[in-house]
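Undergrad: Here is a sequence together with a model predicted from it:
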Number of protein chains: 2
Amino acid sequence: MDAGAPNHASAAAQQAECPSSLCMRLAETLPLDAGDALAGFQLAYQMYGELNADKSNAILVCHALTGDQHVANEHPVTGKPGWWSLMVGPGRPVDTDRYCVICANVLAGCMGSTGPASKNPATGGPYALDLPVITIRDMVRAQARLIDELGIEKLFAVMGGSMGGMQVLQWAASYPERVFAAIPIATAARHTSQNIGFNEVGRQAVMADPDWCGGQYLAEGKSPRKGLAVARMAAHITYLSESALHTKFGRHLQDREALTFGFDADFQIESYLRHQGMTFVERFDANSYLYLTRAMDYFDLGKDYGGRLAEAFRGSSSRFCVISFTSDWLFPTSENRSIVHSLNASGANVSFVEIDSDRGHDSFLLDEPELFRTVSGFLRGAARVRGFAA
Amino acid sequence: MDAGAPNHASAAAQQAECPSSLCMRLAETLPLDAGDALAGFQLAYQMYGELNADKSNAILVCHALTGDQHVANEHPVTGKPGWWSLMVGPGRPVDTDRYCVICANVLAGCMGSTGPASKNPATGGPYALDLPVITIRDMVRAQARLIDELGIEKLFAVMGGSMGGMQVLQWAASYPERVFAAIPIATAARHTSQNIGFNEVGRQAVMADPDWCGGQYLAEGKSPRKGLAVARMAAHITYLSESALHTKFGRHLQDREALTFGFDADFQIESYLRHQGMTFVERFDANSYLYLTRAMDYFDLGKDYGGRLAEAFRGSSSRFCVISFTSDWLFPTSENRSIVHSLNASGANVSFVEIDSDRGHDSFLLDEPELFRTVSGFLRGAARVRGFAA
């Protein structure tokens, strides 16, 4: 697959050539919210489990900012288990013996879908910043074409956390007739000022790196590794709770008995963050980071409906299960609850669970039994209504 | 003053030559926690009001990370009012018609006190990273020498917020007989894992800037402006609450009617943070930022007393007024309350006020009437006990 992908000697481009995913490549034009259109695009995706005869058992998983399509298989770059392998798989809450799970790398991503590292047909070089800014709705529009191609009329469920949850909400708003059930987790219907601020810090860190080269680092044979690592470090703190950090690291020193009175990583938290930064740049493209954070910042679903979020879901027959975590300060319960209020106001069928966890925003990725019980129970109930064995 | 200060054509060095502060220069050796010693050092400081005849009315103000000695006068670099001009001045809560207020730029600072931009007598060039790592206790040790020089035996009060509050606690622990009253505000007796993490992000942002030159930017005629700006942007978010950001900026656009689908500062919060970053580098030295954040990280007052914070205050006759703010998530009420618990356990005279404010950590710098009432009332009561007219 993917023979037409860009061929640069960079981590990003190697990933774009990664042979481990399915790939949908379309020559058709994809209209974008920015007003431009993509003249052809591709989505790299993974499938787990089997579609049933009437294609009524498909679950679309939407990934978060730094996730990708490798939900439940070993990651081809890092060798680690898929990012949601606790949630998705045979006998898991999203049971691939029963459901067919699909996950596509988002548009503007860097794991094989069309993104800033992909070849710009107009120039033959990488798009870099010539890729139009992509929105959450654009991502979903592309995913809908994939679902078309797979011959699936109606998804049994769409689910995801964080930026993935934004896509879930957009799916429910844009294609209510194609979404039987929706599970937005640890998300928001609009990005807050604080979150835009943190994203802007990350972008400025990338753009401050001279090896970013005004976005042209692939063409220049460079990589803004230091800037991207700083961006990741800042973001990573926001994914955890203060209490999780305290429990995990406290003020413990890293491989030393005493403070060194220097600027090395004396504390475990410093060492941990540096490691997070360094490993991230091995698997992620810096321009993708700019585009995806921008997509989150721009997300304001209610604004597309005259400022009334409830209007986004008016008349929807989808069933919703909204999930938040007590210690998540990036996408706090208040944001998730306002989604629930709007769903209630629109007359939608909605349940809401706030899960007690001290592990912050990242809780949705972790071993949280109540999360698993909530998801499996909701899906089982929905499957009964949808009419296949639970 | 300050004729012996380093003479480099940089913002930091110009500030070190700033003629607008008093200066104490000592040829004596200052022992440091790092094990090294400074062979001579200077502190630049400001005084407001008059010392009374028995020098019993002196209040030492300790400044925070990015503050300086210009508490209540126009800042010589920015032209803005002093950072605590709402708190300190004639008729203000800290009334300079009654008290003599002293504030010194901390050791490792960049406004005239000995810091990484100062001349290293051993080389004739700037210290840069050859300055030993400075601790909060080192800062206080140097301040105590200044108080000696001014002939003040016992300070009427020591007060400050954030890193300034750390110094207040250190004063109370190191020199209990010299502190009549102590007002630590929005602070902690030890820096948390999360806060070390944010500081480390800032340091990595500075050190990732090639113009940091391994710390030798002054000698190289450069300045890591971009890195320092990113550090400031990240830190600035932590000084505000989510609710303050929401109220002040929301998702409002900056001088435009619609999203531009690009990476300019579309949102006011982006424009604000960029401005904060850019103005900060005009007045602050990047290496000072490294040293001062490190001093905060290293602060763990209880650790110096066998892990029992109460021992730090054992037998103290100082009167304490601990103040926190409800929306401060950087130095939350819980951290301040644990100081109060230790003071109680040590049998100290302590009052504690948690002030309801939605403006986050920066509340201590802002127009917060309850803060002013608390401070003026506490000082008035203490002055009566101390025996001068309230």
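TA: Arrived safely, thanks for sending.

Undergrad: for chain A, what helix or strand is lowest in average pLDDT?
TA: helix A:11-16 (a mean of 39; mean pLDDT, DSSP states H and E).

Undergrad: Would you check that residue A:362 makes contact with residue A:239?
TA: Yes - using C-beta atoms under 8 Å, residue A:362 is in contact with residue A:239, at 4.5 Å. From N, CA and C alone the C-beta is placed, and that goes for glycine too.

Undergrad: Need the residues touching each of the two.
TA: Here residue A:362 and residue A:239 have no joint contacts, going by C-beta atoms under 8 Å, 6 or more residues apart in numbering or on different chains.

Undergrad: Counting neighbours, which bits of stretch A:341-354 end up buried?
TA: Neighbour counts over stretch A:341-354 (16 or more other C-beta atoms under 10 Å in any protein chain shown) mark A:342-343, A:346, A:348, A:350-354 as buried.

Undergrad: for it, the distance to its chain's centre please.
TA: Relative to the chain's own centre, stretch A:341-354 is displaced by 23 Å; criterion: C-alpha atoms, centre = their mean, to the nearest Å.

Undergrad: Residues in contact with that stretch: which ones?
TA: A:189, A:302, A:308-326, A:333, A:336-337, A:340, A:370, A:374, A:378.

Undergrad: What mean pLDDT does it get?
TA: The average pLDDT within stretch A:341-354 is 97.

Undergrad: Can you get me the start-to-end distance on it?
TA: Using C-alpha to C-alpha, to the nearest Å, one end of stretch A:341-354 lies 14 Å from the other.

Undergrad: next one: stretch A:311-322
TA: Termini of stretch A:311-322 sit 18 Å apart (C-alpha to C-alpha).

Undergrad: Determine how far that stretch lies from the middle of the whole chain.
TA: Per C-alpha atoms, centre = their mean, the centroid offset for stretch A:311-322 relative to its chain is 21 Å.

Undergrad: thought residue A:339 was touching residue A:309?
TA: Yes - look at residue A:339 against residue A:309 with C-beta under 8 Å: they come within range, at 7.3 Å.

Undergrad: pLDDT weak spots in the stretch 1-150 of chain A?
TA: A:1-19 (pLDDT under 70).

Undergrad: Show me which residues of the stretch 51-200 of chain A sit near chain B.
TA: A:129, A:132-133, A:190-194, A:196-198, A:200 (C-beta under 8 Å from any C-beta of the partner chain).

Undergrad: now with 7 Å?
TA: By C-beta under 7 Å from any C-beta of the partner chain, the residues of the stretch 51-200 of chain A that approach chain B are A:132-133, A:190, A:192-194, A:196-198, A:200.

Undergrad: are any of the residues you listed buried, and which?
TA: A:132-133, A:190, A:192-194, A:196-198, A:200.

Undergrad: now the helices: where do they sit in the stretch 101-250 of chain A?
TA: A:136-149, A:163-174, A:193-208, A:217-220, A:225-239, A:242-248 (DSSP state H, counting those that start in this stretch).

Undergrad: SS state for residue A:61?
TA: strand (DSSP: H, G, I helix; E, B strand; the rest coil).

Undergrad: what does residue A:38 give?
TA: strand.

Undergrad: Does it touch residue A:30 like I think?
TA: Yes - counting by C-beta atoms under 7 Å, residue A:30 is a contact partner of residue A:38 at 4.4 Å.

Undergrad: Which one's more surrounded, the two?
TA: residue A:38 (22 against 18; other C-beta atoms under 10 Å in any protein chain shown).
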